[in-house]
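[1] Quick one, what's the 3D model for this:
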Amino acid sequence: MPKPREQKISLEATPYYHCVSRCVRRAFLCGTDQLSGRCYEHRRGWLEDKLLSLPEIFAIDIAAYAIMSNHYHVVLFIDNKQAKNWSDVEVVERWHLLFKGNLFSQRFLNGEKMDQAQRARLQMYIEEWRLRLSSISWFMRVLNEAIAREANQEDECSGRFWEGRFKSQALLDEAALTACMAYVDLNPVRAKIAATLESSDHTSVKRRSEKATASKQPNHPNQQAEALLPFVGNPRQNIPKGIQMKLTDYLELVDWSGRILRQDKRGAISQNSENILTRLGIDGSQWLEMTEHFEECFRTFAGGEQSLRSACETLNYQRPPGLSRCRSAIG
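    Residues are numbered from 1 along each chain as shown. Just a heads-up that it's a prediction; the model follows:
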């Protein structure tokens, strides 16, 4: 029996999750329907704009994304520390950007007097909203519902637009995170709808690449693409929040992988990229397999054997699921 989603998420194990949501109807989410000739390409902009705006409200950052014709991928980072540090006022203000709240929260923001029972009740709502604002389930719910409403209105129909549940994978270590991000960023190249990273529209790698090209210091976190979790350099003490790798190293690694996908042959790997893979504990063949078939390489949990065992111990799993897959993919 499948486990509830809350039993698959452990911030002690990892704050990174790969999520995939697919359109349930035959009509495309984006692109052109070859049967009707109707173009839905503008919906990519709807989804991308909404996706990149939500980290301003949620305690969740976007590490990578790719918007395809009938589905999209996103790699999310849950910043639980940020959510805990919000004041009660911040929590309510952020929640009101999404929903109307209730009479208590509206009175609270208006500075109206409340008795002890009312404030106690409001505090219960605030703590619930604080949890929701750091929940990938609520993040995906808000995103998908907004797009579904717009699409249904445009299509002049009602009913489900998305499949009932989005798929999620916990990314347990740096190797799994890096490979998954590359897998997501290379979606248009694998689908042969883009020839280069720079032409991969509506992806995080295009935004990062364009910003890096225009920047004098592409590896500086403050000079990277806005609305995306920054790369903060190789692991070290007192490292700030972000992806522990140099942006230029990641772009080089993904570019090499993309060339192989396009040309259907291995080609030479640079010494720098080889050093990165060595640090991640992955060889070239494992890396290429993951960046092309990441969702098939892992199930709910993605990472090395030790990372999987540690996560399952935290979640009280009797047996680590997908252990053989993790052994063959990483290590």
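[2] which residue ranges form the helices in the stretch 201-331 of the chain?
    204-214, 247-263, 271-280, 284-297, 305-314, 323-329 (DSSP state H, counting those that start in this stretch).
[3] is it possible to export those helices to JSON lines including distance to residue 97?
    The C-beta positions use only the backbone N, C-alpha and C, and glycine is treated the same way. JSON lines is the format used below for the helices of the stretch 201-331 of the chain (distance: least, CB to CB, whole Å):
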{"stretch": "helix 204-214", "distance to residue 97": "23"}
{"stretch": "helix 247-263", "distance to residue 97": "30"}
{"stretch": "helix 271-280", "distance to residue 97": "38"}
{"stretch": "helix 284-297", "distance to residue 97": "33"}
{"stretch": "helix 305-314", "distance to residue 97": "33"}
{"stretch": "helix 323-329", "distance to residue 97": "39"}
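[4] The helix or strand residue 20 falls within versus helix 284-297: what angle between them?
    Element membership of residue 20, judged by DSSP states H and E, is strand 16-22. For strand 16-22 against helix 284-297, the angle between stretch directions is 50 degrees (axes from the mean of the first three to the mean of the last three CA atoms, to 10 degrees).
[5] List the buried residues for strand 16-22?
    Within strand 16-22, the residues scored as buried using 16 or more other CB atoms under 10 Å are 16, 17, 18, 19, 20, 21.
[6] Distance to residue 125 and pLDDT added to these, as TSV?
    Putting those into TSV (distance: CB to CB, whole Å; pLDDT from 0 to 100) gives the following:
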residue	distance to residue 125	pLDDT
16	29	97
17	26	97
18	31	97
19	26	97
20	31	96
21	28	94
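[7] of those residues, closest to residue 231?
    residue 16 (13.8 Å; CB to CB).
[8] What about the nearest residue to that closest one once chain neighbours are set aside, how many residues nearby?
    Using CB to CB, 6 or more residues apart in numbering and skipping the chain neighbours, the partner closest in space to residue 16 is residue 171 (4.1 Å). Counted with other CB atoms under 10 Å, the burial measure for residue 171 works out to 28 neighbours.
[9] Look up the residues forming beta bridges with residue 171.
    residue 302 (DSSP bridges).
[10] my guess is it contacts residue 75, does it?
    Yes: counting by CB atoms under 8 Å, residue 171 sits close enough to residue 75 to count as a contact (7.2 Å).
[11] Now do the shared contacts for those two.
    For the pair residue 171 and residue 75, residues contacting each of them under the criterion CB atoms under 8 Å, 6 or more residues apart in numbering are 16, 17, 18, 177, 180.
[12] Show me the shaky parts of the chain.
    1-10, 25-28, 30-34, 264-267, 331 (pLDDT under 70).
[13] where exactly do the strands run in the stretch 1-150 of the chain?
    Along the stretch 1-150 of the chain, counting by DSSP state E, counting those that start in this stretch, strands occupy 16-22, 60-67, 71-78.
[14] Export stretch 314-331 to CSV, keeping only CA atoms.
    The C-alpha atoms that make up stretch 314-331 are tabulated as CSV, following Å, rounded to 0.1, in the frame of the first residue of the first chain:
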residue,chain,number,x,y,z
THR,A,314,14.4,8.9,10.3
LEU,A,315,11.1,8.0,8.7
ASN,A,316,10.9,4.6,10.6
TYR,A,317,10.8,2.5,7.4
GLN,A,318,11.4,-1.2,8.2
ARG,A,319,13.1,-1.7,4.9
PRO,A,320,14.7,0.9,2.6
PRO,A,321,12.6,1.0,-0.6
GLY,A,322,14.5,1.0,-3.9
LEU,A,323,17.8,0.1,-2.3
SER,A,324,19.1,-1.8,-5.3
ARG,A,325,18.3,1.1,-7.6
CYS,A,326,20.3,3.5,-5.3
ARG,A,327,23.2,1.1,-5.2
SER,A,328,23.4,0.9,-9.0
ALA,A,329,22.8,4.6,-9.7
ILE,A,330,25.2,6.2,-7.2
GLY,A,331,28.4,4.8,-5.8
